[in-house]
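A.B. asks: Make a model of this:
(chains A, B, C and D)
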Protein chains: 2
Amino acid sequence: MMGGWEEVRAEVLRRIRAREWVPGAVIPGEEALAVEFGVARATVNRALRELAEAGLLERRRKAGTRVALLPVRKATLEISIIRQEVEARGEVYAHRVLESRMEGVPLAVALRMGVPVGVGMLFLETLHLAGGRPFAHEVRWLNVGVLPGGAVPDFSVTSANEWLVQNVAYATGDIAFSAEAASGAEAAALGISAGDPVFVTERVTWTAEAPITFVRLLHGPGYRLRTMV
Amino acid sequence: MMGGWEEVRAEVLRRIRAREWVPGAVIPGEEALAVEFGVARATVNRALRELAEAGLLERRRKAGTRVALLPVRKATLEISIIRQEVEARGEVYAHRVLESRMEGVPLAVALRMGVPVGVGMLFLETLHLAGGRPFAHEVRWLNVGVLPGGAVPDFSVTSANEWLVQNVAYATGDIAFSAEAASGAEAAALGISAGDPVFVTERVTWTAEAPITFVRLLHGPGYRLRTMV
DNA sequence: GAGTGGTCTAGACCACCAC
DNA sequence: TGGTGGTCTAGACCACTCT
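C.D. replies: I've put the predicted structure just below:
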């Protein structure tokens, strides 16, 4: 007899890894497993659902549950604010606003945000520092028209990154990671050489059909984004 | 009255976004919400648990459920085999094995895999092609001693990437993404210039305490890794 | 049509931890 | 120590989809 759903999940995982249940094969139904493990069907369901969400099982009504043939594993990335990320490394965080002005969005940004070219937004350029050294360079367009409260806060106190998380949080977003060569201005801000590879994170954030912000974040050489599977 | 847990989740999410429940505030308990929504407590539990896993709520016994103050959002990355990734773009996949020989692991790899320097492993260098053009360059060390079956298959037919997923699948792993400058050899393989930025994916895979493989995957300029929140 | 997973319910017990 | 979330159960109905 197994106790809870975690034990059931562990045992099912063991059988998959040990190839007692091979990829593509149908495994016993929930009812059968519930009897075998001496638990309720809901407990088996919880265990199998978690494994299916992780990509190891494929479940279909009537067809039953199979071990995934070509599993598409899901890794989770934790997206926190930059201050937390820096402080988690045991370093002191600071930020400097390099630019802050109203400006019409260029084509590339308009396409990403799904707004017409030239719409007036707040353009912000910020440098994030870890222990006094450049950590990340941020370029952001902020759709101030849809901001809650109406007034635009002073981002030199609380960074836009953090202010948005606290005030426009819980929005949906689209994130893309890539590698690019630093432009002259970007390199200067980060204290590296032009052409050096930078790790780029671009994100569009939406709330209820309205685009809130587009942000482009550059991390210099040495930055690594990690996760586990 | 709301029907299922998805409706409950949607309504709770709406209240959070509408700031009816502000960050840091304790929301009503499961029992109260169950009564309000006209569902069983288990249904409310399911809805709140999902929101907590997404990082929007913080739940603690006795203390209750709060709207997260500084939410650490979780984005999920889908890790599929390279052939699937290429074919999903509507392009024809192919791969070429450039190198395949036994070799002692260098220090950097030994440290990553947690094995002594110089342990003999199979060194593999593979080029993945999409529509005939270089798509990714793969360098891999394979711990053949712990492979199931014992015999090493012919990776020119099925790439090591795919063979491992099918035969040593469901292992745990550690993944890191970064941006680097392509070395001369790497650039030549990918058909780019030395020093061009490349998107690097490094992964160590383990099964039951034994490291199976270390792989370093390089994607040329233009590659983007995308996800949603 | 029938078998499987998906979900809901009402009740229960327990672990944790703030008070 | 009491209140809250975490989980389990037994039973039920339903939705989907394979045959």
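A.B. asks: does chain B sit close to the lowest-mean-pLDDT helix or strand in chain A?
C.D. replies: The helix or strand of chain A with the poorest confidence is helix A:160-167; it has a mean of 86 (mean pLDDT, DSSP states H and E). Yes - judged by Cβ under 8 Å from any Cβ of the partner chain, helix A:160-167 and chain B are in contact via A:162, A:165, A:166. Any C-beta I mention is one placed from the backbone N, CA and C, and that applies to glycine too.
A.B. asks: In this structure the first one contacts residue A:83, no?
C.D. replies: Yes - Residue A:162 sits in contact with residue A:83 when judged by Cβ atoms under 8 Å, with a separation of 5.9 Å.
A.B. asks: quick revisit: how far is the least confident helix or strand of chain A from where the chain is centred?
C.D. replies: 16 Å (Cα atoms, centre = their mean, to the nearest Å).
A.B. asks: moving C-terminal of it, what's the next helix or strand?
C.D. replies: strand A:172-181 (DSSP states H and E).
A.B. asks: Residue A:26 versus the closest residue to DNA strand C within chain A, what's the distance?
C.D. replies: Closest residue of chain A to DNA strand C, Cβ to the nearest atom of the strand: residue A:62 (2.9 Å). From residue A:62 across to residue A:26, the span is 11 Å (Cβ to Cβ, to the nearest Å).
A.B. asks: So what's the residue count around residue A:26?
C.D. replies: By the measure other Cβ atoms under 10 Å in any protein chain shown, the count of residues near residue A:26 is 12.
A.B. asks: Quick check, pLDDT for the residue nearest to it when sequence neighbours are not counted.
C.D. replies: Computed as Cβ to Cβ, 6 or more residues apart in numbering or on different chains, the closest residue to residue A:26 that is not its neighbour in sequence is residue A:64, at 4.6 Å. Looking at residue A:64, its pLDDT stands at 95.
A.B. asks: partners of residue A:64 in the sheet?
C.D. replies: Beta bridges link residue A:64 to residue A:60, judged by DSSP bridges.
A.B. asks: Can you name the residues that contact it?
C.D. replies: Residue A:64 makes contact with A:26, A:27, A:29, according to Cβ atoms under 8 Å, 6 or more residues apart in numbering or on different chains.
A.B. asks: quick one, what contacts the first one?
C.D. replies: Residues in contact with residue A:26, defined by Cβ under 8 Å, 6+ apart, are A:63, A:64, A:65, A:66.
A.B. asks: who wins for neighbours among these?
C.D. replies: Most neighbours among these, by other Cβ under 10 Å: residue A:65, with 21 neighbours.
A.B. asks: any idea how far that residue is from DNA strand D?
C.D. replies: 12 Å (Cβ to the nearest atom of the strand, to the nearest Å).
A.B. asks: that older thread, looking only at the least confident helix or strand of chain A, what residues are buried by neighbour count?
C.D. replies: A:160, A:161, A:162, A:163, A:164, A:165 (16 or more other Cβ atoms under 10 Å in any protein chain shown).
A.B. asks: go on, stretch A:9-21?
C.D. replies: Of all the residues in stretch A:9-21, those buried under the rule 16+ other Cβ under 10 Å are A:9, A:12, A:13, A:16, A:17, A:21.
A.B. asks: Show me which of those has the smallest pLDDT value.
C.D. replies: Lowest pLDDT among the buried residues of stretch A:9-21: residue A:17, with 87.
A.B. asks: What are the neighbouring residues in contact with it?
C.D. replies: When contacts are counted by Cβ under 8 Å, 6+ apart, residue A:17 touches B:170, B:171, B:207, B:208.
A.B. asks: What sits closest to the last one if chain neighbours are left out?
C.D. replies: Sequence neighbours aside, residue A:17 is the residue nearest to residue B:208 in space, at 7.3 Å (criterion: Cβ to Cβ, 6+ apart).
A.B. asks: Which among the contacts of residue A:17 count as buried?
C.D. replies: Neighbour counting with 16+ other Cβ under 10 Å marks B:170, B:171, B:207 as buried within the contacts of residue A:17.
A.B. asks: contacts with DNA strand D among the contacts of residue A:64, please.
C.D. replies: Among these, no residue sits close to DNA strand D (Cβ under 7 Å from any atom of the strand).
A.B. asks: Of those, which is the nearest to residue B:179?
C.D. replies: Comparing the contacts of residue A:64 against residue B:179 with Cβ to Cβ places residue A:27 closest, at 41.6 Å.
A.B. asks: Neighbours of the closest one, how many?
C.D. replies: The number of residues packed near residue A:27 is 20, by other Cβ under 10 Å.
A.B. asks: picking that back up, min pLDDT across the buried ones among the contacts of residue A:17, which one?
C.D. replies: Scoring those by pLDDT puts residue B:170 last, at 73.
A.B. asks: related to what we said a few turns ago, the least confident helix or strand of chain A packs against which elements?
C.D. replies: Applying 3 or more Cβ pairs under 8 Å, 6 or more residues apart in numbering or on different chains; DSSP states H and E, one finds that helix A:160-167 contacts helix A:82-88, strand A:120-130, strand A:133-142, strand A:210-219.
A.B. asks: 7 Å instead, please
C.D. replies: Secondary-structure packing of helix A:160-167 (3 or more Cβ pairs under 7 Å, 6 or more residues apart in numbering or on different chains; DSSP states H and E): strand A:133-142.
A.B. asks: In this model residue A:68 seems to touch residue A:25, though I could be wrong.
C.D. replies: No - counting by Cβ atoms under 7 Å, residue A:25 stays clear of residue A:68, with 10.7 Å between them.
A.B. asks: neighbour-wise, which of those two wins?
C.D. replies: Applying other Cβ under 10 Å to residue A:25 and residue A:68 shows that residue A:68 carries more neighbours, namely 20 against 14.
A.B. asks: was I right about that one contacting residue A:53?
C.D. replies: No - if you go by Cβ under 7 Å, residue A:68 and residue A:53 don't touch, sitting 11.7 Å apart.
A.B. asks: List just the nearest of the buried ones among the contacts of residue A:17 to residue A:185.
C.D. replies: Lowest distance from residue A:185 to the buried ones among the contacts of residue A:17 (Cβ to Cβ) belongs to residue B:171, with 43.6 Å.
A.B. asks: and the nearest residue to that closest one once chain neighbours are set aside, what does it touch?
C.D. replies: Residue nearest to residue B:171 in three dimensions, not counting chain neighbours: residue B:207, with 4.4 Å by Cβ to Cβ, 6+ apart. Neighbouring residues of residue B:207 by Cβ atoms under 7 Å, 6 or more residues apart in numbering or on different chains: A:17, B:168, B:171.
A.B. asks: Including distance to residue B:223, could the residues you listed go into a markdown table?
C.D. replies: A markdown table is the format used below for the contacts of residue B:207 (distance: Cβ to Cβ, whole Å):
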| residue | distance to residue B:223 |
| --- | --- |
| A:17 | 31 |
| B:168 | 26 |
| B:171 | 25 |
